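# got a structure for you, letters missing:
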């Protein structure tokens, strides 16, 4: 009487019998049907954010009659010069750090390097 | 070093990188097209159309992929859904293009006659058993992963795999253990 084929033998034969199907232009056909990369909407988002901020600032300035700006300038002029320098330097550091973080997050090579090291 | 599926998915999501998506398609096209060819009983044209639709859906819905399951499991699920929708539309699936299947066999595999019998036996299984056997035995998914792909209970997958295997073994009994 013939023995039955074992499960693992059957699975192996099934895997071996699965042919590798050559790409033969399949990937190119799929990629050609993808929508074009969405760069424009992302840059539009930035423009809209900056625009809204500018408009909001202008409205706040107009409603207050410009008084708060004058008061702030007068108050700043009474500060010692070294405090203003430290303040400007600190602002520069914060903006620079944010720019570096954003650049790292947007660069795939740096991201992958970080993953490999961890 | 080759990038993992997770790396490629991250690139597509962050930068809308078409090259990364092309790499994903290249890595998985053979298994997806193979699975669909078996499901459609080797209707190559229909299977490739469904595979194309699968990858386009993957691209559109990539943001919904949470990485809880393997990317391939998620991909097979989409492929299976595409197939199911098409099957519902057609009501019946088309016949076997065996000559085409024969020409695309991997030359490294064992006995071509055994391979032919195996593929034929597989195509004779009912769809629910064929799907379960293909996913678990051929594509290496766990029963749990196959249950997620097929959207059926785990116990049903186990039963379908068991029954499918038994039928294949009975059909191939003449070949015996090597």
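Yep, it's here. Since this is a predicted model, take the numbers as computed values, not measurements. Residues are numbered from 1 along each chain as shown, chains lettered A, B, ... in the order given.
# all contacts plus neighbour counts: C-alpha atoms, from now on.
OK.
# where do the domain boundaries of the chain fall?
You didn't pick a chain, so chain A it is. Listed by automatic domain parsing, the domain ranges of chain A are A:46-78, A:80-118.
# try again with chain B
B:1-104, B:109-173.
# now the residue nearest the centre of chain B: closest residue in space, sequence neighbours ignored.
Central residue of chain B (CA atoms, centre = their mean): residue B:35, 2.6 Å from the mean position. Excluding its sequence neighbours, the residue lying closest to residue B:35 (CA to CA, 6 or more residues apart in numbering or on different chains) is residue B:134, at 7.0 Å.
# and that neighbour, how far is that from residue B:48?
As judged by CA to CA, to the nearest Å, residue B:134 and residue B:48 stand 17 Å apart.
# can you map out the helices along chain A?
Applying DSSP state H to chain A gives helices spanning A:7-17, A:26-32, A:39-64, A:67-77, A:81-106, A:108-117.
# please apply the same query to chain B.
Counting by DSSP H, the segments of chain B that form helices are B:5-15, B:18-39, B:44-60, B:71-90, B:98-103, B:112-124, B:127-133, B:143-150, B:154-171.
# if we can go back for a sec, closest to residue B:164 out of the domains of chain A?
Smallest distance to residue B:164 across those (CA to CA): 42.0 Å, for domain A:80-118.
# state the mean pLDDT of that closest one.
For domain A:80-118, the mean per-residue pLDDT is 80.
# could you do stretch B:55-73 as well?
Mean pLDDT, stretch B:55-73: 88.
# now the terminal residues of that stretch, how far apart.
Per CA to CA, stretch B:55-73 runs 13 Å from first to last residue.
# so which bits of that stretch are buried?
Residues B:55-56, B:58-59, B:71-73 are the ones in stretch B:55-73 that count as buried (16 or more other CA atoms under 10 Å in any protein chain shown).
# how about stretch B:117-135?
B:117-123, B:125, B:127-135.
# which residues touch it?
A:14, A:17, B:35, B:38-39, B:41, B:141, B:146, B:150, B:157, B:160-161, B:163-165, B:167-168, B:171-172 (CA atoms under 8 Å, 6 or more residues apart in numbering or on different chains).
# could you rerun that using 6 Å?
Residues outside stretch B:117-135 that contact it (CA atoms under 6 Å, 6 or more residues apart in numbering or on different chains): B:41, B:141, B:160-161, B:164.
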